[in-house]
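Participant: give me coordinates for this.
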Amino acid sequence: MTVASSGGFAGLSVGVDIGGTKTHLRAELGKGGESRDLVVPSSDWRTRDWDADAVGLLKLIHQFTQGAEIAALGVGAHGCDDAAECLAFQEALTRHVTHPLSVVNDAELMPLALGLRGQIGVVAGTGSIAVCRPSADRMIVAGGWGWIVSDEGSAASLVREAVRSVTQHLDRGGKVDEPLASAILKALDVTSVPRLGSKLHSFRSAAELGRHALIVFEAAERGSRLALDVIARGGRLLAELPSILDARGAGASHVVAGGSVIAAQPRLWDAFVLGLGDSSPHLTPHLFTGSPVEGACYLASTLIASEGCEALG
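Facilitator: A predicted model of the protein is given here:
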């Protein structure tokens with residue numbers, strides 16, 4: 001689809017999924033109409049300052065839509081980890097536009113994409129977090145503390161736990177040629193085994209460390225008990241996040257999990273489902289394998305519908 005200049009398309013809605021690694025924009029022309037997409041590295045424009053990020057995102061959207069008139073904007077943002085942060089980013093954006101918009105955490109996009117409002121969203125990608133919004137003025141969160149502290153089931157956390165498992169294996173006299181041990185040492189370019197721990201400290205971001213997560217699953221395929229245990233533990237700990245929200249009064253009956261890791265790795269998904277069944281069997285798990293931006297577009301469409309109802313009222 002070619003987006004026309006301002007005024008060329010009435011009712012253009014824009015959804016944005018801001019992830020820790022990439023930002024996905026989608027513009028849609030009416031319900032069931034044409035759409036187009038743009039994916040850029042989040043580092044290209046994001047600074048983690050609400051005002052600066054509002055300007056940067058709106059500039060990106062303006063370039064993407066070629067100045068077309070926008071009817072509504074739905075945004076799911078990694079790093080907006082409580083209601084106050086979502087509101088701060090939303091208010092920063094609102095200062096520059098007149099069309100309706102809404103900002104939620106990126107984990108909320110997946111239930112929205114399935115039309116499940118008020119349900120629990122779980123992201124297991126670069127990082128991990130569980131989010132639910134039981135009411136318009138209440139957002140509850142578990143996890144999302146970063147890979148150094150937690151982010152269980154995420155790419156970076158799986159590598160961190162793999163390193164820990166390998167160091168414990170070596171301490172017990174295990175051999176370096178164990179599939180996970182040899183893969184970790186090679187992938188992290190550890191030239192001397194005693195330097196394994198300090199090598200982990202040298203990584204500057206979750207994305208930088210998390211890009212090695214695939215080796216954990218490959219080692220599991222080769223029969224590594226260490227890798228299988230890391231994945232099983234990661235899935236169980238990830239499943240604790242929605243259970244925590246349930247205990248805090250989320251009032252949800254569905255959990256929608258997605259993200260680059262869990263959507264691509266059946267072993268992690270199976271461990272998550274098993275853990276959720278043990279801790280909160282009344283919560284129905286759903287694996288989201290689509291694009292979270294679909295939830296952002298759904299959010300934008302509800303804003304347009306809401307505006308229409310107000311006009312009729």
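Participant: pull the helix or strand with minimum mean pLDDT from this structure.
Facilitator: The weakest-scoring helix or strand in the chain, judged by mean pLDDT, DSSP states H and E, is helix 293-312 (a mean of 78).
Participant: what distance do you get for the residue of the chain most remote from its centre to Pro179?
Facilitator: Distance to the chain centre peaks in the chain at Gly173, reaching 38.1 Å (criterion: CA atoms, centre = their mean). Between Gly173 and Pro179 the distance is 17 Å, computed by CB to CB, to the nearest Å. All C-beta atoms are positioned from the backbone trio N, CA, C, and that covers glycine.
Participant: next: Arg233.
Facilitator: The gap separating Arg233 from Pro179 is 17 Å, by CB to CB.
Participant: how many neighbouring residues does the spatially closest residue to Ser150 that is not a sequence neighbour have?
Facilitator: Distances taken as CB to CB, 6 or more residues apart in numbering place Gly143 nearest to Ser150, at 6.0 Å, with adjacent residues excluded. If you count neighbours by other CB atoms under 10 Å, Gly143 ends up with 29.
Participant: quick one: the helix or strand containing Val166 to chain centroid distance?
Facilitator: Under the criterion of DSSP states H and E, Val166 resides in helix 155-171. Relative to the chain's own centre, helix 155-171 is displaced by 23 Å; criterion: CA atoms, centre = their mean, to the nearest Å.
Participant: now that helix: mean pLDDT?
Facilitator: Across helix 155-171, the average pLDDT comes to 97.
Participant: ok, stretch 277-289 next?
Facilitator: Summarised as a single mean, pLDDT over stretch 277-289 is 97.
Participant: who touches it?
Facilitator: Here stretch 277-289 makes contact (CB atoms under 8 Å, 6 or more residues apart in numbering) with 110, 113-114, 116, 120, 236, 239-240, 242-243, 246, 252-258, 262-263, 269, 272-273, 276.
Participant: measure it end to end?
Facilitator: 21 Å (CA to CA, to the nearest Å).
Participant: in the longest helix along the chain, what counts as buried?
Facilitator: Ordering each helix of the chain by length in residues (DSSP state H) puts helix 225-247 first. Using 16 or more other CB atoms under 10 Å as the test for burial, helix 225-247 gives 226-228, 230-246.
Participant: what bridges to Arg36?
Facilitator: Counting by DSSP bridges, Arg36 forms beta bridges with Ala27.
Participant: go on, His286?
Facilitator: Applying DSSP bridges, one finds that His286 bridges with Val256.
Participant: distance of it from Ala250?
Facilitator: From His286 over to Ala250 (counting by CB to CB), the distance is 15 Å.
Participant: so which of the two has more stuff around it?
Facilitator: Applying other CB under 10 Å to His286 and Ala250 shows that Ala250 carries more neighbours, namely 25 against 17.
Participant: can you tell me the SS state at the closest residue to that one other than its chain neighbours?
Facilitator: Once flanking residues are discounted, Ala250 sits nearest to Cys132: 4.2 Å by CB to CB, 6+ apart. Of the three states, Cys132 takes strand under DSSP: H, G, I helix; E, B strand; the rest coil.
Participant: tally of neighbours for Cys132?
Facilitator: Neighbour count of Cys132, defined by other CB under 10 Å: 27.
Participant: what's the answer for the one 5 residues further on, then?
Facilitator: By the measure other CB under 10 Å, the count of residues near Asp137 is 7.
Participant: what residues does the residue nearest to it when sequence neighbours are not counted make contact with?
Facilitator: Spatial nearest neighbour of Asp137, excluding adjacent residues (CB to CB, 6+ apart): Ala83 at 7.4 Å. When contacts are counted by CB under 8 Å, 6+ apart, Ala83 touches 137-139.
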